[in-house]
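Trainee: starting from these lines, generate the structure:
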Amino acid sequence: MAAKPLEWKQFLLGTGGAFGKLAMDHANPNFEQPHSRISTKMLVLALFVVGGIGAGIWVKDRDQMDAMSAERAQMAATMNQSKSQIQELTNRIDLLTAAQMRAQTPVKPAARPSAKAARRKPLVANDPRVDKLQGQLADTQQELARTKDDIARTRDDLNGSIAKTRDDLNGSISQTRDQLAKSHDELAGQINSTRSDLNGSIAKTHDEVVALRKRGETNVYEFHLDKSKQFHVVGPVTVSLRSTNPKHKTYDVAMIIEDNEISKKHVNLYEPVWIRMTDRPQAVELVVNRIDKDRITGYLSEPKYKRSELASTSEKAPERPQQLENR
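Mentor: Down below sits the predicted model:
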């Protein structure tokens, strides 16, 4: 900012030199006067304009320098005020810290105070802010003690509830385990009984098939089937052997039952295949008791009487007593 006034001075000096040179030229007898006064007027007007511009620039620079000086003074005042506030806050914090440390320090059984200590005045003892802090500290300690008691009580209640729930669960689990064991034993007994009944009713050889036929309870049809896509009539159904597995004792078979084709795959040896038919009061049973390569041997048993035959027999039964009475 100080460079602009210097430039202005140099400009004025240069302008003065030009005016001096112009005056010397006019004093010189050899100087020729211009033929027109217009050029002189224009020169004077230009000099006035340049002088006005220079004065304006000088005034503007002076205003800027005054504004910057005012800003510096205001910033210095603000910094001094901030320093004083920081110093005051630091003194207050030191005072409160010393009071808190003095309040937390356990009181020692001091000896008899001396005369100097008795005459010494307490620095912070009568400060109301220290009393307020001590009161807040005491309230906080009491609140912490109450909270600790509530937490201990809640922990005890939770431990009691967890122990009771654990005992109830253990009792329920034990009872459920006993019931499952009992149900398992009953189911195992039923399965063994059913297996025994099935084993007793399944004929595993030709002689057993003959014995089953002699009982007269069912109609028994013995068969020998070779692997083929053709169907063979076996009692009330038609059967076609599709494949055998002598190593694993399984076979695949297709059957036509009441105009419906049904396939059974991976059937085991001695496994009964139950066939429900509309005109049979009980299921028809198909059993294979021998599996060879591309050949099976077994039998099919059906109820001795059909539903229609049983119905006609029950309808004719009441007529016999009436005929006896007429006689």
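Trainee: CA atoms for contacts and neighbours, from now on please.
Mentor: Noted.
Trainee: my read is Val239 is in a strand, agree?
Mentor: Yes: applying DSSP: H, G, I helix; E, B strand; the rest coil, one finds Val239 inside a strand.
Trainee: apart from its chain neighbours, what residue comes closest to it?
Mentor: Met255 (4.5 Å; CA to CA, 6 or more residues apart in numbering).
Trainee: any weak-confidence spans in the stretch 1-150 of the chain?
Mentor: 1-38, 105-126 (pLDDT under 70).
Trainee: just the helices in it please.
Mentor: Using DSSP state H, counting those that start in this stretch, the helices of the stretch 1-150 of the chain run over 3-27, 38-104, 115-119, 128-201.
Trainee: how about a markdown table for those, with mean neighbour count added?
Mentor: Below are those laid out as a markdown table (neighbours: other CA atoms under 10 Å):
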| stretch | mean neighbour count |
| --- | --- |
| helix 3-27 | 12 |
| helix 38-104 | 12 |
| helix 115-119 | 9 |
| helix 128-201 | 12 |
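Trainee: for these, give me JSON lines that also has distance to Trp274.
Mentor: Putting the helices of the stretch 1-150 of the chain into JSON lines (distance: least, CA to CA, whole Å) gives the following:
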{"stretch": "helix 3-27", "distance to Trp274": "121"}
{"stretch": "helix 38-104", "distance to Trp274": "93"}
{"stretch": "helix 115-119", "distance to Trp274": "115"}
{"stretch": "helix 128-201", "distance to Trp274": "12"}
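Trainee: so for Ala283, which of these sits nearest?
Mentor: In terms of CA to CA, the element of the helices of the stretch 1-150 of the chain nearest to Ala283 is helix 128-201, at 13.9 Å.
Trainee: now the element after the closest one, going C-ward?
Mentor: helix 206-214 (DSSP states H and E).
Trainee: which residues touch that following helix?
Mentor: Outside helix 206-214, the residues that touch it by CA atoms under 8 Å, 6 or more residues apart in numbering are Ser201, Ala203, Asn219, Val220, Glu222, Tyr299.
Trainee: that one vs helix 128-201, what angle?
Mentor: Going by axes from the mean of the first three to the mean of the last three CA atoms, to 10 degrees, helix 206-214 is angled at 90 degrees with respect to helix 128-201.
Trainee: tell me who's in contact with the closest residue to Ile291 other than its chain neighbours.
Mentor: With CA to CA, 6+ apart as the measure, Pro246 is the residue that lies nearest to Ile291, at 5.8 Å, once sequence neighbours are left out. Contacts for Pro246 (CA under 8 Å, 6+ apart) come out as Ile291, Asp292, Lys293.
Trainee: quick one, domains of the chain?
Mentor: 123-201, 206-308 (automatic domain parsing).
Trainee: got a markdown table for the ones you listed, with distance to Ile93 too?
Mentor: As requested, the domains of the chain are exported to a markdown table (distance: least, CA to CA, whole Å):
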| stretch | distance to Ile93 |
| --- | --- |
| domain 123-201 | 12 |
| domain 206-308 | 93 |
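Trainee: going by mean pLDDT, which of these comes out lowest?
Mentor: The stretch with the lowest mean pLDDT among the domains of the chain is domain 123-201, at a mean of 77.
Trainee: what about Ile291, helix or strand, and which?
Mentor: Here Ile291 sits within strand 284-292, counting by DSSP H and E.
Trainee: show me how far that strand is from its chain's centre.
Mentor: 57 Å (CA atoms, centre = their mean, to the nearest Å).
Trainee: any buried residues in that strand, and which?
Mentor: Val284, Glu285, Leu286, Val287, Val288, Asn289, Arg290, Ile291 (16 or more other CA atoms under 10 Å).
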